[in-house]
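Visitor: okay, predicted coordinates and the sequence, questions at the end:
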Amino acid sequence: MDPVTVGIVGLVAMFALIALHVPIGIAMAFAGVAGVAWLVGPGPAMALFSIEAASAIANENLAIIAIFLLMGSFANAAGLSRDLYRLAYAVIGHRPGGLSTATILGCAGFGAVCGSSVATTATMTKMALPEMQRRGYSLQLASGSIASGGTLGILIPPSVIMVLYGVLTEQFVIALFSAAIIPGLIAVALYIVAIEIQVHLIPDAGPAGERLTWPERLTVFRDSWRILLVATAVSGGIYSGVFTVTEAASVGASLALIMALLAGQLTWESFVDCLLEAAGSTCMIFVILIGASIFSYFISLSGAPDALIEFIRSLGLAPLLVIVLLMIMYVVLGSVFDTVAAMVITLPFVLPLVTEIGFDPIWWGVMMVMVMEVGMITPPIGINVFVLKGAADETLNLATIYRGVAPFVAVDLVRLAVIAIFPQLALWLPGILGWL
């Protein structure tokens, strides 16, 4: 077989292993090693296990992922998400649909602390869903705002997925973070618009809550100093240049730990649970990353990405049409695969194609994350939908959640179109900050 055919067979073999429930990182590693063994011999192929594993462990940029995950665990244990939700409700809870809007703002804020969509969704479900049910919100609006708002965890900086993309593509992580800020704000604004339209059409879906007095609001604001301090220290430290991303993650994790201790929320048992949670997620990401590195080496060696680029070029498609087709592919993958898996499996093929047709890899990183956000709330799986269903009681069914997320998916598609047509919305901020 010629090398390109070997690459295609290796890709099919990898998906076959995944279908047989082999862990994704292991499936990519074995398919990659087998492919390299076929192309250049078993000796160099087996050496990849040690070379790529050592390279991943020695990459200090990957420490950022572990520390941000630990920060999210400590922040959750400290109850910082409750502070943020109370603050958002104090400001806008008196408006029709105000609790849903507060949920979106809470998801954005907590996502900026924990960097995980799944963690954001699980946390906000336990906190926001009972409140909305108690105040007469429709389950459709309540569940839709939580599942959709939870997706902001992988877009709003600092994002674990953005860090991983930066490591895999050798892009500057802070440039990626800054590129995601304006699209993230657009996402929050459009989600609020979706809520406003729904409560305008169906007023009973989101009845207004009681209006807090200004002294009560100031009290809530004062009581929310912990989450504001952590968010300001991390984001402000990064963008002001005071901290590197690794240092900012360390400061954030330390502050979150201190907050949990001061609140009396951190027992020895919960401390160990936080460490185990962060360690488990980190190990999973490392295994996937090592497998992806091996598989990427094999795919590059086979010449399959170059063949794909030549094939696309021969079709004569407009560059923007190629991007649209890629986005459709990522929506499908995001609804079936874990976000990390969908990204690392496809990057060896997709990134060379995107750069070849003239698009910026920083812009594409933001676009890809946004598309995978849509996949996280669309059938047949939609990981955020299942996390919400698992964290809620039995009165909430999947059909209700999927109906609830439909308006948010619609505005997500609008956001994707806007950022695709006007890429400077993502590239302007890192450009003026000198990070491009």
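Guide: Everything's here; your move.
Visitor: run a quick neighbour tally on residue 251.
Guide: 19 (other C-beta atoms under 10 Å). The way it works is simple: take the backbone N, C-alpha and C, and place the C-beta from them, glycine included.
Visitor: which residue lies nearest the spatial centre of the protein?
Guide: Closest to where the C-alpha atoms of the chain average out (C-alpha atoms, centre = their mean) is residue 154, at 2.0 Å.
Visitor: does it touch residue 111 like I think?
Guide: Yes: using C-beta atoms under 8 Å, residue 154 is in contact with residue 111, at 7.5 Å.
Visitor: what do the two both touch?
Guide: Counting by C-beta atoms under 8 Å, 6 or more residues apart in numbering, the contacts common to residue 154 and residue 111 are residue 117.
Visitor: touching, residue 182 and residue 427? I think so.
Guide: No: applying C-beta under 8 Å as the test, residue 182 and residue 427 come out as separate, 9.5 Å apart.
Visitor: so these two - more neighbours on which side?
Guide: residue 427 (20 against 17).
Visitor: tell me the contacts of the more buried one?
Guide: Contacts of residue 427 by C-beta under 8 Å, 6+ apart are 179, 360, 362-363, 436.
Visitor: can you report how many residues lie near residue 394?
Guide: Residue 394: 6 surrounding residues under other C-beta under 10 Å.
Visitor: what about it, distance to residue 400?
Guide: 12 Å (C-beta to C-beta, to the nearest Å).
Visitor: one step back: pLDDT score for the residue nearest to the centre of the chain?
Guide: pLDDT, residue 154: 82.
Visitor: just checking, what packs against the least confident helix or strand in the chain by mean pLDDT?
Guide: None of the helices or strands of the chain scores lower by mean pLDDT, DSSP states H and E than helix 80-92, at a mean of 77. The contact analysis (3 or more C-beta pairs under 8 Å, 6 or more residues apart in numbering; DSSP states H and E) places helix 80-92 against helix 98-114, helix 117-134, helix 214-223, helix 225-231.
Visitor: please convert those helices to JSON lines, extending it with mean pLDDT and distance to residue 376.
Guide: Below are those laid out as JSON lines (pLDDT from 0 to 100; distance: least, C-beta to C-beta, whole Å):
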{"stretch": "helix 98-114", "mean pLDDT": "83", "distance to residue 376": "12"}
{"stretch": "helix 117-134", "mean pLDDT": "82", "distance to residue 376": "6"}
{"stretch": "helix 214-223", "mean pLDDT": "83", "distance to residue 376": "31"}
{"stretch": "helix 225-231", "mean pLDDT": "83", "distance to residue 376": "23"}
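Visitor: so which of those is nearest residue 378?
Guide: helix 117-134 (13.6 Å; C-beta to C-beta).
Visitor: right, and the helix or strand after the closest one?
Guide: On the C-terminal side of helix 117-134, the closest following helix or strand by DSSP states H and E is helix 139-150.
Visitor: got the angle for the least confident helix or strand of the chain vs helix 117-134?
Guide: On the basis of axes from the mean of the first three to the mean of the last three C-alpha atoms, to 10 degrees, helix 80-92 is oriented at 50 degrees to helix 117-134.
Visitor: in stretch 172-186, what counts as buried?
Guide: 173-184, 186 (16 or more other C-beta atoms under 10 Å).
Visitor: narrow these to those in helices?
Guide: 173-184, 186 (DSSP state H).
Visitor: packing partners for the lengthiest helix in the chain?
Guide: Ranked by residue count, the top helix of the chain under DSSP H comes out as helix 268-302. Helices and strands touching helix 268-302, by 3+ C-beta pairs under 8 Å, 6+ apart, are helix 3-19, helix 24-40, helix 42-58, helix 63-78, helix 160-169, helix 339-356.
Visitor: what's the most buried one of those?
Guide: helix 63-78 (a mean of 25; mean count of other C-beta atoms under 10 Å).
Visitor: quick one: pLDDT of the residue lying farthest from the centre of the chain?
Guide: What lies farthest from the middle of the chain is residue 1; by C-alpha atoms, centre = their mean that is 38.6 Å. What the model reports as pLDDT for residue 1 is 73.
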